[in-house]
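>>> Build me a model:
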Amino acid sequence: MAKTKISTRYASSFLQIAVEKKILEYAAADMNLILDSFKSSRELRRAVESPVIRSETKQSILIDIFSGKVHNETMNFIKFVITKGRESALSSIAARFLELRDEYLGVVQAEITSAFDLSEQQKEDIRNRFENTLGKKVNCNYQINKNLLGGFVAKVGDTVYDASVMHQLNLLKNHFVKVDISLN
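Sure, this is the predicted structure:
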């Protein structure tokens, strides 16, 4: 079975448990911790994904790392994933859980990249405009890219909104090229 199907199946069942037990906020924080741990530790990824290491050892490693740091339901979920032999998908399950949680809450994540640090008012204006356009609550993560001349580039899911000066100049250039061709 494809890893995305596995991730979706396990993540959606844990989401259902988290909603039923009213621990969605804790579960999301735990999944963020798990995801960050896998992203930041190559050794952890290699150990959990290794077919040579026994599942009991993997469970022991994960219990040592996350014990006392995650909710009991999350720890039970981690153990369940390992007993089913799906520990290599734990990172993708955590990522998918966060996506499904956002869908459940009607929230989208936006990555906003600008040429300079935006003021709080500018950030609020951008967020409000996206919320009005998308009809959902928008959580924005802001980054700076000095290579942009001005404006910003926003990525929401698979969609990119390019309001950068460079993009506008390229559009203008393409327009002039088309006008020049039609005049000849």
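>>> where do the helices sit along this protein?
3-20, 24-40, 42-49, 55-66, 72-83, 90-105, 120-134, 165-183 (DSSP state H).
>>> and Val156, which of the ones you listed is closest to it?
helix 120-134 (6.8 Å; C-beta to C-beta). The C-beta positions use only the backbone N, C-alpha and C, and glycine is treated the same way.
>>> Check which helices and strands that closest one is in contact with.
strand 107-114, strand 137-144, strand 151-156 (3 or more C-beta pairs under 8 Å, 6 or more residues apart in numbering; DSSP states H and E).
>>> one step back: nearest to Ile112, of the helices of the chain?
Closest among the helices of the chain, using C-beta to C-beta: helix 120-134, at 6.2 Å.
>>> Could you tell me the angle between the closest one and strand 107-114?
130 degrees (axes from the mean of the first three to the mean of the last three C-alpha atoms, to 10 degrees).
>>> Tell me the spacing between Ser13 and Met75.
Counting by C-beta to C-beta, to the nearest Å, the gap between Ser13 and Met75 amounts to 16 Å.
>>> hang on, the earlier thing: any idea which of the helices of the chain is most buried?
Burial of these is given as mean neighbour count (mean count of other C-beta atoms under 10 Å); helix 90-105 ranks first at a mean of 20.
>>> Pipe the helices and strands packed on helix 120-134 into a markdown table and attach mean pLDDT and mean neighbour count per row.
Listed next are the helices and strands packed on helix 120-134 as a markdown table, based on pLDDT from 0 to 100; neighbours: other C-beta atoms under 10 Å:
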| stretch | mean pLDDT | mean neighbour count |
| --- | --- | --- |
| strand 107-114 | 90 | 18 |
| strand 137-144 | 91 | 14 |
| strand 151-156 | 87 | 18 |
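>>> Kindly reformat those strands as CSV containing distance to Lys22.
Below are these laid out as CSV (distance: least, C-beta to C-beta, whole Å):
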stretch, distance to Lys22
strand 107-114, 18
strand 137-144, 20
strand 151-156, 29
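>>> Okay, angle between the worst-scoring helix or strand of the chain on mean pLDDT and strand 151-156 too, please.
Lowest on mean pLDDT, DSSP states H and E among the helices and strands of the chain sits helix 165-183, with a mean of 73. Counting by the same axes, to 10 degrees, helix 165-183 lies at 100 degrees to strand 151-156.
>>> Report all helices and strands that helix 165-183 contacts.
strand 151-156.
>>> Can you give me the pLDDT of the residue nearest to Lys79 when sequence neighbours are not counted?
Spatial nearest neighbour of Lys79, excluding adjacent residues (C-beta to C-beta, 6 or more residues apart in numbering): Gln59 at 6.2 Å. On pLDDT, Gln59 comes in at 86.
>>> I'd say Thr4 and Ser92 touch.
Yes - at 7.4 Å, Thr4 and Ser92 qualify as touching, with contact defined as C-beta atoms under 8 Å.
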